[in-house]
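J.: This is a predicted model, with the sequence first.
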Amino acid sequence: MCRAARAALRCQFLAHSVVVAAVLAAMTLDATAAQRHGRSKLDPSLWRSADQANDTDRVEVIVRTDVSRLSELRARLEAHGDRVVDEQAHLGALTVTLHAGDLRALEADPSVTHVSANAIVEAHARRGDGPARQTGARRALIATLGLARANVSGNGVGVAVLDSGIQPAADLSPAAFYDFTRGGQRALPYDDYGHGTHVSGLIAGGSSGVARSVRLIVLKVLDGQGQGRVSTVVHAIEFAIANRNRLRIDILNISLGHAPTEPASDDPLVQAVERATRAGLIVIASAGNSHDQGIDTAPYGDITSPGTAPSAITVGALDTHATTTRSDDDVTEYSSRGPTPYDGMQKPDVVAPGANLISNGAFGSLLYGQYPERRVADARGIPRLFRLSGTSMAAAVTTGLVALLVEQNRRTSTAPLTANLAKAILQFSAISVPGDAFTRGAGSLNGAGALALAGSVDMATSIGEWSSLQMVSPITTIDGEHYVWGQTVIWGTTVIWGTSVYVNEPAWSASTVWGSTVIWGTAHP
């Protein structure tokens, strides 16, 4: 990279740091309550409940303890009249409905390590407002990503979709379906909300999917209103971890979330994502659609959980304006911006097409019934397709591309593609788009560039050694236009630039949590 470009990146990073400081100074987020009382065991959002609620008010919380003390704690809670909703023994966690007046006593219990609110999570989709291609939806999306000549389709790659379910179709059928809104039992697939079908279609559908050959494992965690609980999603993530070999799961798509109420280190949903990453899974999460809600005092810092997870590939939504050219792309007004609340980490990681995308519709679902104007006829004139916008759609498109990267990596490397390396590849090959790093991350998704880069590296080499004998040209041509890669990787609040992605660094391992290690400058062999 030329000296001028590096100087520009340093200036960009300094500006980035100034914005971080300003945003964090402006954020109260109820964290001050916990700070006044020292390091609290209570989620800051529970302080209001503990201090203001009547003794008869009930709250649902996730209580964590040492695994060896779980049975004892459960017995005490039940004897007190509290209802244990769920138990995850290997995590030392109980989901409990209890009296808000008992929160202080629970905090004082020496066997309790932390108490989090069992927050409501929601799907990250919105009404499609603008222009959309009514026919050839997949062809247009593939062309925009530069994947028209890709020779991979996600064959042999397993993707678990944690969402509202799936309605099978001729071009979209899951390999397995588990319903966690009913305890996690294996069941016949269905989608009473419609969001999960749309997301699954963008990943693997014949009409709109980026990676049409992937195996879908659908884990239903949202109900017919597009809502669920943190504990349900955590249960599904832990199921995916425990059964990743049996079900051959490589990637998790989580296009849902909730406003964070505590730091990432305490957030049970974030920690579940971190455990999944350490287990070898790649997690793609939506950034959230919270930015255009008219809150003038918080123009930044509205990334939702679990998009706040350091190890997740967190994706914002890009509007391509229904064109193949990338020169008119911009980040949507609703796509959530960083930094992450409480921790001030850089998010989103990248942005991807998410505005007015056409995918599979779920007949009889709430969305399909409520919004007939979003229905789109297929080539036979049957309105079986549906149009939605949101960071959910952007995360699904990114999941499809990562599935292609996993297949590509298996052709060229004996080492598995880690979540950290996948993120670095997406960021390093990203295309510039207007906005600061908190708006667009490292840039917009570049499918062709990411595949070229993934095909040139082999992380089976020794740590610190060059992983490629030949560096690919950092330029991608899409529809006759040439786009130079951003060639940056954003790690927490640190910018890595130059050729570091070509070196097998400890940073790319599954055990390294992004944000905890500083790497600065260009890596050398």
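T.: Arrived safely.
J.: can you pull the pLDDT of the residue lying farthest from the centre of the chain?
T.: Within the chain, the residue lying farthest from the chain centre (Cα atoms, centre = their mean) is Ala79, at 39.0 Å. At Ala79, the predicted lDDT confidence score is 94.
J.: any idea how far Gly92 is from it?
T.: 19 Å (Cβ to Cβ, to the nearest Å). (Each C-beta comes from the backbone N, C-alpha and C, glycine too.)
J.: pLDDT on stretch 291-305, on average?
T.: pLDDT averaged over stretch 291-305 gives 73.
J.: Below-threshold pLDDT in the chain: ranges please.
T.: For the chain, the stretches with pLDDT under 70 are 1-39, 52-55, 127-136, 293-298, 469, 493, 497-498, 515-525.
J.: residue closest to the middle of it?
T.: Ala285 (0.7 Å).
J.: So what sits opposite that residue in the bridge?
T.: On the basis of DSSP bridges, Ala285 is bridged to Ile254, Thr314.
J.: Please shift the residue numbers so they start at 424 in all later answers.
T.: Got it, the first residue is 424 from now on, which makes the last one we talked about Ala708.
J.: mind listing what it touches?
T.: 677-678, 680, 696, 729-730, 732, 735-738, 818 (Cβ atoms under 8 Å, 6 or more residues apart in numbering).
J.: Could you report the separation of it from Leu625?
T.: 15 Å.
J.: Buried by neighbour count: which residues of stretch 822-838 qualify?
T.: Across stretch 822-838, burial judged by 16 or more other Cβ atoms under 10 Å covers 822-833, 836, 838.
J.: could the contacts of Ala708 be laid out in a markdown table, adding neighbour count and distance to Tyr794?
T.: Formatted as a markdown table, the contacts of Ala708 follow (neighbours: other Cβ atoms under 10 Å; distance: Cβ to Cβ, whole Å):
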| residue | neighbour count | distance to Tyr794 |
| --- | --- | --- |
| Ile677 | 33 | 23 |
| Ser678 | 33 | 18 |
| Gly680 | 30 | 22 |
| Val696 | 29 | 31 |
| Pro729 | 34 | 27 |
| Gly730 | 34 | 25 |
| Ala732 | 28 | 31 |
| Ala735 | 30 | 29 |
| Ile736 | 26 | 29 |
| Thr737 | 35 | 27 |
| Val738 | 33 | 23 |
| Ala818 | 32 | 21 |
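J.: Of the residues you listed, which is the nearest to Ile485?
T.: Pro729 (13.9 Å; Cβ to Cβ).
J.: quick one: the residue farthest from the centre of the chain from Glu495, how far?
T.: With Cβ to Cβ as the criterion, Ala502 and Glu495 are 11 Å apart.
J.: domains in the chain, as residue ranges please.
T.: The chain breaks down into these domains under automatic domain parsing: 463-541, 545-876+885-931.
J.: would you turn these into JSON lines with distance to Trp937?
T.: Converted to JSON lines, these look like this (distance: least, Cβ to Cβ, whole Å):
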{"stretch": "domain 463-541", "distance to Trp937": "22"}
{"stretch": "domain 545-876+885-931", "distance to Trp937": "4"}
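J.: which of these is buried the deepest?
T.: domain 545-876+885-931 (a mean of 22; mean count of other Cβ atoms under 10 Å).
J.: For that domain, what is the distance to the chain centroid?
T.: 6 Å (Cα atoms, centre = their mean, to the nearest Å).
J.: Kindly state the beta-bridge partners for Gln608.
T.: Asp602.
J.: how near is it to Gly915?
T.: Distance from Gln608 to Gly915, counting by Cβ to Cβ: 39 Å.
J.: One more: Val774?
T.: 19 Å.
J.: could you measure the residue farthest from the centre of the chain against Leu496, distance?
T.: 11 Å.
J.: quick one, what contacts Ser619?
T.: No Ser there; residue 619 is Gly. So Gly619 contacts 584, 586-589, 641, 643, 645, 785 (Cβ under 8 Å, 6+ apart).
J.: helix/strand/coil for it?
T.: Recorded secondary structure, Gly619: helix (DSSP: H, G, I helix; E, B strand; the rest coil).
J.: in the stretch 824-948 of the chain, which spans are helices?
T.: 842-851, 860-863, 870-877 (DSSP state H, counting those that start in this stretch).
J.: typo on my end, the stretch 574-723 of the chain
T.: Using DSSP H, counting those that start in this stretch, helices in the stretch 574-723 of the chain cover 618-627, 653-665, 667-670, 691-701.
J.: The last one - contacts with which helices or strands?
T.: In this case it means helix 691-701. On a contact count with 3 or more Cβ pairs under 8 Å, 6 or more residues apart in numbering; DSSP states H and E, helix 691-701 meets helix 653-665, strand 674-677, strand 705-709.
J.: check contacts around Gly617.
T.: 587, 590, 784-785, 788-791, 809.
J.: cutoff 7 Å now
T.: Taking Cβ atoms under 7 Å, 6 or more residues apart in numbering, we find Gly617 in contact with 587, 784-785, 788-791, 809.
J.: which residues touch Asn832?
T.: Asn832 neighbours (Cβ under 7 Å, 6+ apart): 840, 877.
J.: With adjacent residues omitted, what lies nearest to Gly629?
T.: Ranked by Cβ to Cβ, 6 or more residues apart in numbering and with sequence neighbours excluded, the top spatial neighbour of Gly629 is Asp594, at 2.8 Å.
J.: Distance-wise, check the one you found relative to Leu639.
T.: The value you get for Asp594 to Leu639, if Cβ to Cβ is used, is 12 Å.
J.: How about Ser885?
T.: Ser885 is 36 Å from Leu639, by Cβ to Cβ.
J.: Ok, Ile543 next?
T.: Taking Cβ to Cβ, one finds Ile543 at 25 Å from Leu639.
J.: Nearest spatial neighbour of Tyr906, chain-adjacent residues omitted?
T.: Ile854 is the one closest to Tyr906 (Cβ to Cβ, 6+ apart), at 4.7 Å.
J.: Just list the residues touching that neighbour, thanks.
T.: By Cβ under 7 Å, 6+ apart, the neighbours of Ile854 are 749, 866-867, 869, 906, 909.
J.: Now distance to Pro691 too, for the residues you listed, in CSV please.
T.: Converted to CSV, the contacts of Ile854 look like this (distance: Cβ to Cβ, whole Å):
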residue, distance to Pro691
Arg749, 38
Gly866, 31
Ser867, 32
Asn869, 34
Tyr906, 40
Gly909, 33
